[in-house]
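Participant: give me coordinates for this.
(chains A and B)
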Amino acid sequence: MWKAIRYRGGQSLVLVLISALVATCAAFAPLFSRSIDQALLRATLGRLEPADLKLGVLASRTSDPELAASAVEAEIPRTLDAWYEPGIAMTTANTDVVPIKGKKPSPVRLVARDEVCDHLTLSEGACPGGAEDLLVSAADAKAWGWRLGTTLVVRNSESQPQPFVVSGIYTAKPDPDYWLRTELQGKSGKLVDYGDLVDAVDDFVVAPEGLERGWTGAQLSVDYRLRTSTITLDSLAAAGRAVDAVRPPSLATVDSPLPRIAQQVDDGKGLVRQLVPLLIAQLVAVALAVLVLVAGAAVAQRRPEIAVARLRGRSRDASRRLVIAELGLTVLLGLPLGVLLAVGLSELVRRFVLPPGVPFELGWQVPLAAAVAGLASLAVVYAAARPVLREPIASLLRSVPPATTSRHLRVGDTILVVLAAVGVLGIVTGQITGPMAILTPTLLALAAGALLGVAVVVLATRLGRRALGRGRLGSGLAGLAMGRRPTTRHVLLVVTAVSALVVFAANAVAVADRNRENRAKVTVGAFAALRTGSKDPTAVARVVDQLPAGQREHAMPVGFVQLRDPDATTTLAARPDQLRRIAWAPPAQVALDLDALSLPDQDPVLLDGDRLTARIAYDLSPSGFGFGPAPQGIDPKTWVPGAVDATPLRVGITVTTPAGDVLTRDIATLPYAGRGTGAVDAPILCPNGCRLQSVWVQLAQGQPLDAVSGSVDLSGFALDGRSLGIDDPSGWLRPRGAAESPSGGGGTVIDPATGMPMEVEGPAADSISLEKAPAGGLRLTFSNTGRNAAVSRADAPEVVPALLSGRIPTGGTAERFEIQSLAGRTTPATASQRVPALPFVGNRGALVNLDLMLRLGGRLPASGSMEVWIDDAFPGGVAGAERALRDRGVEVLSTRSLPESKRLLDESATGWGLLLGLFTALLSLLLAAVMLVVVAMTTGRVVTRDIAALRVAGVPGRDLRRATVREAVVPVGLAAVVGGACGVAGAVLAMPLIPLFDTPAPVPALDLAPSWLVMGASWAVTVAVLGAVAALLALRASSRGDIDRLREAW
Amino acid sequence: MTGLPVLTAGLVHIYRAEHHDVAALAGVDLSVQAGEMLALLGPSGAGKSTLLTLFGGLLRPSAGRIRIGDHELSRMSEPDLDALRGREVGIVLQGASRNLIPHKTMRENVAFAQGSRRSRGDVVPVDEVLDLVRLGERADLPLSSLTPGELQRGALAVAVSTKPGLLLGDEPTSQLDHDARDQVLQTLADINATWGTTVIVVTHDPEVAARMPRTVTIRDGRVGAEGREGEEFAVVSADGSVPLPPHVLATLTPGTLVRLVESDAGWTLVRDELDDIDDIDGEVPDGSAL
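Facilitator: This is a model prediction of the structure:
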C-alpha cells in the first residue's frame, strides 16, 4: 500500500494536501468560532472598568439596625471565590456638617471601608482607631482649617448630634481595582444644592465602629471584584449560575453585570454561528469539488491496475477495495495534517488578530469536524471510484479510456443549474433565506462553470477546426485539445467557482469594513472629538479660534445638548464651513445643505455700556369699553371716556447676557392716548455686556384698557453717548403677521342695543409692524392688548434654521418645532432640510449654527457638552489637540476617535467573523492552483505524447508551445471572467443576507454597493495567479513533449 | 492443474458501434486439445484477438458457444468468470506493462496474481514460478530496471502464477528482439511442458508461428486455415464450407464456377469450362488438394 502511495508520490501528495485543506476548513471553523467567542468575551471584559464588572451586594439596616457589612459578606457563598476577589465591605451614611461656624450645614458622607487606610495617603495623623475618629480630606482641611483634634459634629440617623474628632488628613491613592468607582474626594470647593447652594465637603473616613450605634439609615455594601482572567466562555456560565445562587440577607440586593455580559456574548456567538458556516461552507463546497475532480483523476490513472486486478480474477468488490484502500488511506493521511494546519492557523489568528487573553482550546468539535471531513473525503473517493469500477473489464483493458468529454450537461451539472436558479429566484423574491440563500452565490458559480464547460467544449472544437482550416496551427490545436480533454470542464468548473468565491469574499470583507468605518465616522463625527469639561461655549469657541495657524484650520468647536430621553432630539451646534471641512457627513444620503444654516449678515449689537439713550415720539389711542371715541350709536356729546391713572404703555428692549439669560429693560413708559415726544435714558444693567435682541411695546398689566394702538417712533439710539447705528429698519427683522391673541383675535365693542360691551370675532387685536419713521429712525405701528410685541434685531432669526435628522420632535411640524438651545432653553426651530442622519447625533438630531447659538448666549446645561472636533491633519493628532486645549486651560474629559471607534467595531463577532472571508479567498485560490497542478499531472502523459506526435508530424515547436499554453490558459481566463461576473452577482444578491454588525443601528444606512476596486483587484490577482500557474505548467509539458514520449515506458 | 481443452462452436461476436455493427467473428468452430500449443494467425482485424478475449471471458460472445474444460463460458456469471481467470485461465495482454502493476516488483506481482489462493497454499511457490520464467534473480528489482524481454517473461509469470490450465497470450513477443523473443517462446514451451498447460497465442510473427506445433489462421472472422507441423490445411467448417487459401482465391473471381473432381489423389478443384477457364488442377498447390 505504501509503495503504491509512494509510486505516485506527487499525486498522493496533492490528494493529501487537498484532503488536508478540506480537514483544515472543517476543523478551523469550530476553532475560529470558539476563538471569536472567547475574544468577544475578552473584548467585552476589557472595555469595562473593574467597577463595571464588580458584583455588588447592597443592604440596609431597615430590618436589622445592628446589621454590619461584615455580616452581609458572611452570607455570600464561598463558591464565588473562584471568580471574584475577596469582598470589600463598606458602610456609608449621609449626613451633614457645619464646616465652620456661621456656615450653613453642608452635606457629607461618612465612609467606613475595609482596609481603607492602605489606600490613603495620610499627610497627618493616623487611621481612625475609635468610634469617634475620622479622617478629612486634605482639600477640606485646607479649606476649612480643620486640624488634628478638630471636633466635627454630625447628625446621626436619629438626628442626634454625634461628635467626631479629626484623627488624620487623607488623600486617596488612585487604585481603581480597590475603589471600584467609590470617590471620596472631588467635592470640596464646589457648590452643591442642599436647600440652598452650600459648599460641598469630601467624604469623612471613619472606623466601622463609628457607624454602628445610631446609624440605622446607613447603607451597607460589599463589592467583589471580578477575576477577569478566570472568566472564560465556560466559566462565564458557571459564574453566572453562582451569582444567581447568591441569596443575600433580606432587604439586600445583588447587582452583577455577568448576565448582561453573557447575553452580549451569546448574541455575538449567534452571529458567529451564522457567519462562519456561511464562508466555510462555500470553501468546503469548492474544496470537495476539487477533491472530486482530483480523486476522479487519481482513479482514472489507476484504471490499468484495476484492469490487472480483474484480469487476475479479482471481483469488482475486491478491485474496489484495493482502490479505495489506497486512495482512502491517502486522503486520511491529510486529516492530521489538516487539523494541524487548522490549529496553526487558529493560533496565528489568536496571536495576531484577536485581543490578548484568548485561550488556546481544542474542543471536542475539532476531532468531530475532522472526522466529518474524513468521511466526506472518503465518500468523495468512493463516488469518484464507483463509475470506473463498474466498467466492464473489456472497457478497463482498453489502452485509451473511453472518451468522457460529453457535450451535454451531466446529471450533477443539471442539479447545480436547477439549485442555482431556485436560489437566485428565491433571493430575488425574498422566498429563500438561511443556508440555501447563503450558498446561492457558490451554487450560481458552480452552475455557471458547468454551463461554461459545455459551451467551451462545443465552441472550442468548432473554432479549433476553423482555425486549423485557416492554417493557424496554434489556435487550432489549442481549440481541438480543449474540446476533447475531459479536464477542460473540470478546470472551467473549479476556476469559475473559485473566481466567484474570491471576488465575493473580498467584496464582503471590503463592504463590511466600509460600513464599519461609516458607522465609526458617524459615531465620532470627525477624525476625533475631544469632550471638554467647559460649559461655556463661547470660551471654547474662542480657544479654538485662537489656536495658532496650522492647528486652527483643523479644529472646530461643537456644542450639543442631549436630553436623557433617547428619543429626544439632540441639538448639535457647529459652524457650517468648519463642519463641511472637518466633520464627516453620513454616507449614502443627500449632501447636507449647510448653506441653509448661514449666519445672518447683520452683526449683533453689543450693549457694553451703562445707559441707553434715544429719542421717542408717539401717537397712541386706547380701545375698549369706556375708552376711546364714542362707540357707534352713542352720542359723542354724551360720551365720557374712562380715566386711566398711570402711563400704561411700556416700551423696552430685550437683551441676552453672555450667560444666556434673557433680560428685559424698560426704556420708556407712555400714556395710552395722545401724541408726544420725549427722550429715552435708561440703564442697561449689563456689567459684562449684553446683546440687543429686540425692542418691544407692551400694555402694562392691571390697566382697564383693552388695547392701545398707534405708533412709537424711536431714533438716535446711543450707548453712553455713542451712536449704536441701529436706526435703520433694515437692521431689524420684519415682524411676522399679527401676534396671536389669547382670545384668538377679535375685540370688545359696545352693543348698540344694550350699551354693554361684547366680544366680537375679527382681526387679531395684537399686531406690530416696523417701518422707517418719517423723521428717521424706527416706527413701530402696533395694536397691543398686553402681550409683549417685539421687533427683533436681524442678527438672529426668531426661528432657528436647522438640519433635522430623523423624526420631527413631538408636537412640532417640519416648519416649526422645538429644540434645546445651548443654554438648555426651549427654542423654536425650523427644518431647512431633513436628512436621515447627522454626524455624531445620528438620526435624532438638529444641526444648527454654532455662532447663532453663541449670539443667543448661554452656558451649557448639565445635559450639554462642548467638544472640539479635529481632522486627521491636526498637528500631533489627538494627543496634540489634547495638549493644545489643556495648554489653554480647557479640560479634556474624554476623547473618541475614528481609529478607536473603528477598532471597537472591528473587535466584534461580525468584524472578526468576516475576516474569514480573506481566509476563504486565499484558500480557495490555493485549491484552484493545486487543482491545475493535478490536471497537469494527470493529463501530462497524454499531453506530452500529443505534443511528441505533433512534433513528429512536423508541427513547429513554436506552434506547439503556443497551442499548449493557450489550451491551458484560455479556459482559466474564460472561467475567471464568468466567475468574476458570478462573484458580482453573488455580491449583489447575498450581501443583504450577511450581518455586518453585532448590533444593527438605524444610521448610517448600510452601504452595500459593491466595492468595485477590491473586486477588480481580487479578480486580477486570481487571474494572475491561476493564469501563471496554468501557463508555467503548460510550458513545462511543452518542453517535455519529445519523441521518446511516444515509446512505452514506465 | 493439467491443460484445459478449448472448444468453440458457431462463435459469433459483434462489436456494437454508434452507427454500425462490426462482426469480428462470424462463426468460429475450433477445437484445441488439452496441453496443446496453438498460435492464432491472421491479418489485422481478422478477429484473432477477439477470439482470445472471448476465451479469457473478458467479452461475452454474441452467439455460439465456448467451452473451456468443463466450463461453458457463455453461461457463466461475471463472478464465475472472475474466478475462472483467477484459477484456470492465465492471460497475457499485448504489451508487458498492461499485465503488471508498476509499483510492485516481479515477486509482488506474482504474489498479487495468486491472490487469496496463495494464503491457502494451493498455488505454485512464487520462486518456482519465477524460476520457470528465469527471473529468479531479478524478482525483487523495480520493474523499471528490467529489460523488455524480462518484463514480457514477467507478464508470463504473472499469467501462469496460478498454474492455469489455459494460457492465453496476445502477441507475447511483439516489440522484442530475437533473443528476447526466443526466451519468451522457450518459456512458453517450458510452461507447456512442465505443467501441461494449454497455450494459445496470437501472433503476427511467422517465426513464432513456425515454432508452434499448431497454427490456426483466422480470416474474416472465421477459421481460414490450419497448420500442423509446418503443413497448411484448409478446414471444413460445420456448415461444409471450405475457405480457399488466399493465393488460390486470388485467381478465382467471385462468382466463378468450379467443380470438384474425384481422382486417385483425392479431390481436384476444376474451374468450369463455360467460363473459358482452364483446368486449374496444375495450379493447385500442394496441400490444397482435397
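Participant: now do the contacts for residue B:172.
Facilitator: B:92, B:152, B:155, B:156, B:184, B:188, B:201, B:203 (CB atoms under 8 Å, 6 or more residues apart in numbering or on different chains). In this view, the C-beta of every residue, glycine as well, is placed from N, C-alpha and C.
Participant: what's the answer for residue A:209, then?
Facilitator: Counting by CB under 8 Å, 6+ apart, residue A:209 touches A:130, A:131.
Participant: give me the number of residues near residue A:349?
Facilitator: 21 (other CB atoms under 10 Å in any protein chain shown).
Participant: find the nearest non-adjacent residue to it, please.
Facilitator: residue A:35 (6.2 Å; CB to CB, 6 or more residues apart in numbering or on different chains).
Participant: and residue A:8, by the same measure?
Facilitator: Leaving aside its sequence neighbours, residue A:8 sits nearest to residue A:301 (CB to CB, 6+ apart; 7.0 Å).
Participant: number of residues surrounding the one you found?
Facilitator: Per other CB under 10 Å, the neighbour tally for residue A:301 reads 14.
Participant: that one is in contact with residue A:10, isn't it?
Facilitator: No. With contact defined as CB atoms under 8 Å, residue A:301 does not count as touching residue A:10 (11.2 Å).
Participant: re earlier: for the residue nearest to residue A:349, give me the pLDDT.
Facilitator: At residue A:35, the model reports a pLDDT of 87.
Participant: what's the helix or strand for the residue nearest to residue A:957 when sequence neighbours are not counted?
Facilitator: With CB to CB, 6+ apart as the criterion, residue A:957 has its nearest non-adjacent residue at 7.0 Å, and that residue is residue A:951. According to DSSP states H and E, residue A:951 maps onto helix A:909-952.
Participant: what does residue A:855 give?
Facilitator: helix A:850-856.
Participant: following the chain onward from that helix, which element is next?
Facilitator: Criterion used, DSSP H and E; the element after helix A:850-856 is strand A:864-870.
Participant: what packs against that following strand?
Facilitator: strand A:528-532, helix A:537-545, strand A:555-561, helix A:877-887 (3 or more CB pairs under 8 Å, 6 or more residues apart in numbering or on different chains; DSSP states H and E).
Participant: how about a cut-off of 6 Å?
Facilitator: On a contact count with 3 or more CB pairs under 6 Å, 6 or more residues apart in numbering or on different chains; DSSP states H and E, strand A:864-870 meets strand A:528-532, helix A:537-545, strand A:555-561.
Participant: what does that strand rub up against?
Facilitator: Defining contact as CB atoms under 6 Å, 6 or more residues apart in numbering or on different chains, one finds that strand A:864-870 is touched by A:525-532, A:534, A:537, A:540, A:544, A:554-559, A:561, A:582, A:881.
Participant: 7 Å instead?
Facilitator: With CB atoms under 7 Å, 6 or more residues apart in numbering or on different chains as the test, strand A:864-870 has contacts from A:525-532, A:534, A:537, A:540, A:544, A:554-561, A:582-583, A:822, A:824, A:860, A:881, A:885.
Participant: among these, name the buried ones.
Facilitator: Neighbour-count burial (16 or more other CB atoms under 10 Å in any protein chain shown) applied to those gives A:525-532, A:534, A:537, A:540, A:544, A:554-561, A:582-583, A:822, A:824, A:860, A:881, A:885.
Participant: which residues of the stretch 51-200 of chain B lie near chain A?
Facilitator: Within reach of chain A by CB under 7 Å from any CB of the partner chain, the stretch 51-200 of chain B has these residues: B:53, B:58-59, B:79, B:82-83, B:85-87, B:91, B:93, B:95, B:97-104, B:112-113, B:115, B:143-144.
Participant: these, buried ones only, as a ChimeraX selection?
Facilitator: In ChimeraX syntax, the buried subset of these is picked out as below (16+ other CB under 10 Å):
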select /B:53,58,59,82,83,85,86,87,91,93,95,97,98,99,100,101,102,103,104,112,113,115,143
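Participant: among the residues of the stretch 51-200 of chain B next to chain A, name the ones in strands.
Facilitator: residue B:91 (DSSP state E).
Participant: among the residues of the stretch 51-200 of chain B next to chain A, which ones are in helices?
Facilitator: The helices, defined by DSSP state H, take in B:53, B:79, B:82, B:83, B:85, B:86, B:87, B:112, B:113, B:115 from these.
Participant: from the stretch 51-200 of chain B, which residue is nearest to chain A?
Facilitator: At 2.0 Å from chain A, residue B:86 is the closest residue in the stretch 51-200 of chain B, using CB to the nearest CB.
Participant: does residue A:708 touch residue A:672 like I think?
Facilitator: Yes. Residue A:708 lies in contact with residue A:672 (CB atoms under 7 Å); the separation is 5.0 Å.
Participant: ok, the helix or strand encompassing residue B:38: who's next to it in the sheet?
Facilitator: Here residue B:38, judged by DSSP H and E, is contained in strand B:37-41. When pairs are called by DSSP bridges, strand B:37-41 turns out to pair with strand B:198-202 (parallel), strand B:214-219 (parallel).
Participant: was I right about the residue nearest to residue A:8 contacting residue A:938?
Facilitator: Yes. With contact defined as CB under 7 Å, residue A:301 counts as touching residue A:938 (6.1 Å).
Participant: ok, the nearest residue to residue B:153 once chain neighbours are set aside - contacts?
Facilitator: In this structure, residue B:153 finds its nearest non-sequential neighbour in residue B:133, 4.2 Å apart by CB to CB, 6+ apart. With contact set as CB under 7 Å, 6+ apart, residue B:133 has these partners: B:153, B:154, B:156, B:157, B:187.
Participant: for the second one, helix, strand, or coil?
Facilitator: Using DSSP: H, G, I helix; E, B strand; the rest coil as the criterion, the local structure at residue B:154 reads helix.
Participant: model confidence score at it, please.
Facilitator: Residue B:154 is given a pLDDT of 86.
Participant: the nearest residue to residue A:911 once chain neighbours are set aside: helix or strand, and which one exactly?
Facilitator: In space, and not counting its chain neighbours, residue A:911 is closest to residue A:905: 6.0 Å by CB to CB, 6+ apart. Assigning secondary structure by DSSP H and E places residue A:905 in helix A:898-906.
Participant: mind giving me the packing neighbours of that helix?
Facilitator: helix A:487-524 (3 or more CB pairs under 7 Å, 6 or more residues apart in numbering or on different chains; DSSP states H and E).
Participant: list the buried residues in the helix it packs on.
Facilitator: In helix A:487-524, counting by 16+ other CB under 10 Å, buried: A:487-524.
Participant: give me the spatial nearest neighbour of residue A:181, chain neighbours excluded.
Facilitator: Leaving aside its sequence neighbours, residue A:181 sits nearest to residue A:51 (CB to CB, 6+ apart; 3.7 Å).
Participant: same thing with residue A:869?
Facilitator: Closest to residue A:869 by CB to CB, 6+ apart is residue A:526, at 3.8 Å.
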